[in-house]
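Engineer: okay, predicted coordinates and the sequence, questions at the end:
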Amino acid sequence: GAFGAWTVTMKLRPAIVTLHLLGGLLLLALLCVQAQHQARRVRQTEPVRLDTGSARLLLLVCVLLGVQLALGGWVSTNYAVLACTDFPQCQGRWWPDMRFDQAFTLWRDLGMTPDGEAISFAALTAIHYTHRLMALVVLLAMAWLVTRLHRFVPLVRHARWLGGLAALQLASGLGNVVLGWPLAAALLHTGGAAAMVVVLTTVWARTVRQPAAAPVAHSHAGVPGVPT
C-alpha cells in the first residue's frame with residue numbers, strides 16, 4: 001500500500017514502481033504457500049520428497065526467477081522495452097552500445113541520472129539487453145527443472161504448466177519487442193510472470209528435500225549364534 005502511494009507522490013520513480021511490483025508478487029507467493037499448507041492439512045496428504053539435486057535446482061530456479069522479475073520490472077518502469085526492436089540481435093548487433101553505470105543506478109528520477117541529466121539511450125539498451133540475456137539463463141534452468149520434476153508423479157502436471165508458461169513468456173516477450181509493445185502482449189507477459197510465480201511457489205510448498213538415510217546401528221549382543 002505504501003509503495004502504491006509513493007508511486008504517485010514520487011512521480012513514477014523506477015525503484016519505487018519496481019518494488020511495488022515485486023511486493024505484489026511476493027504477496028501472491030505467500031498466499032500460495034498458505035493455500036498449499038491449508039490444503040495439506042485438510043486432505044491429510046504428505047509432501048513430495050525431492051532428492052537433494054532436484055531440491056537445489058528448484059531453489060536455484062526460484063532465485064533466478066526472482067532476479068528476472070526484478071529485471072523485467074526495471075525494463076518496464078524505465079520504458080526500455082523499445083530500446084531493442086529486433087531479435088535475436090539488438091540494434092543490428094550482438095553487443096550494442098550500453099552504459100551499465102547509468103542503467104543500474106537505482107535511486108533516481110524517471111528518465112534522469114542522479115545528476116539531473118537525461119538518461120542516455122545506451123543506458124536503456126543496457127537495461128533491455130540484460131533482461132534479455134537473463135531470460136536465456138532462466139529458460140535453460142527452467143527446462144532442466146521441468147525435466148527433473150517429471151520424475152515425481154504428483155508434480156508432472158506442475159512441470160507441464162511450468163514448461164507451457166516458459167514458452168508463453170518467450171512468445172509474449174518477443175511480441176513486445178517486434179510488435180512495438182502492444183498492450184495485449186505487455187499484459188500477457190506480466191500475467192505469465194505472475195502465473196510462473198504461482199506454479200513455482202506451489203511446487204516449493206508441496207515438496208521437501210529427501211533427508212539422507214541415517215546409518216542404522218545393529219547390536220548382536222545376546223543373539224544366539226552371533227559373535228559379540
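Structural biologist: Now that the structure is in, tell me what you want to look at. These numbers come from a predicted model, not from an experiment.
Engineer: contacts, neighbours, all on C-alpha from now
Structural biologist: OK.
Engineer: doesn't A118 make contact with R108?
Structural biologist: No: counting by Cα atoms under 8 Å, no contact exists between R108 and A118, whose distance comes to 10.8 Å.
Engineer: quick one: which of those two has more around it?
Structural biologist: Neighbours of R108 and A118, each counted by other Cα atoms under 10 Å, are more numerous for R108; the result is 17 against 12.
Engineer: surely that one is within a helix?
Structural biologist: No: inclusion of R108 in a helix is not indicated when DSSP: H, G, I helix; E, B strand; the rest coil is applied; the result is coil.
Engineer: neighbours of the residue nearest to it when sequence neighbours are not counted, just the number please.
Structural biologist: Spatial nearest neighbour of R108, excluding adjacent residues (Cα to Cα, 6 or more residues apart in numbering): P114 at 5.1 Å. Using other Cα under 10 Å, the number of residues around P114 comes to 13.
Engineer: and P114, how far is that from H20?
Structural biologist: 21 Å (Cα to Cα, to the nearest Å).
Engineer: grab the nearest non-local neighbour of the most centrally placed residue in the chain.
Structural biologist: What sits nearest the mean C-alpha location of the chain, by Cα atoms, centre = their mean, is L65, with 1.7 Å. Distances taken as Cα to Cα, 6+ apart place V138 nearest to L65, at 6.6 Å, with adjacent residues excluded.
Engineer: what number of residues lie near that neighbour?
Structural biologist: For V138, the number of neighbouring residues by other Cα under 10 Å comes to 21.
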